[in-house]
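Asks: here is a sequence together with a model predicted from it:
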Amino acid sequence: MAWLVVCRDVADSGALRRRHLDSHLAYIESVMDRVAVAGPLAGTNDGDFAGSIFVYLTDDRAVAESLLHDDPYFQAGLYREVEFHAFRAVAGNWVGGAAWR
């Protein structure tokens with residue numbers, strides 16, 4: 001199992017994202033072995049961002065929470081809302097087809 005984390009940005013987050021981008025990317029590189037996939041959510045305007053998605057490779061919600069809380073974006077107050085969902089990848093190219101076969 002993994003944890004899907006959906007983060008929604010605060011209003012007018014562009015400057016805050018840019019200010020902490022380098023430290024955020026360095027952090028993601030440091031925990032890459034715990035991340036299945038991560039990336040920004042597109043905003044309503046071209047080039048804007050509305051949030052972030054993370055899929056952490058852990059069965060433990062506390063570990064997923066810790067991974068997010070240690071992220072410079074989270075620490076900077078970029079996210080106004082965060083949702084954690086237990087997630088099982090069972091189909092698609094990322095999991096090699098259909099896991100039930």
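Replies: Done, it's in. Numbering: from 1, shown residues only.
Asks: assign residue 73 to helix, strand or coil.
Replies: Look at residue 73: counting by DSSP: H, G, I helix; E, B strand; the rest coil, its state is helix.
Asks: typo on my end, residue 89
Replies: coil.
Asks: going on from the longest helix seen in the chain, what's the next piece of helix or strand?
Replies: Ordering each helix of the chain by length in residues (DSSP state H) puts helix 14-30 first. Sequence-wise, the next helix or strand downstream of helix 14-30 (DSSP states H and E) is strand 35-42.
Asks: and the helix or strand just after that following strand, what's buried?
Replies: As assigned by DSSP H and E, the chain's next helix or strand after strand 35-42 is strand 49-56. By neighbour count with 16 or more other C-beta atoms under 10 Å, strand 49-56 contains the buried residues 49, 51, 52, 54, 55, 56. Where you see a C-beta, it was placed from the backbone N, CA and C, and this is true even at glycine.
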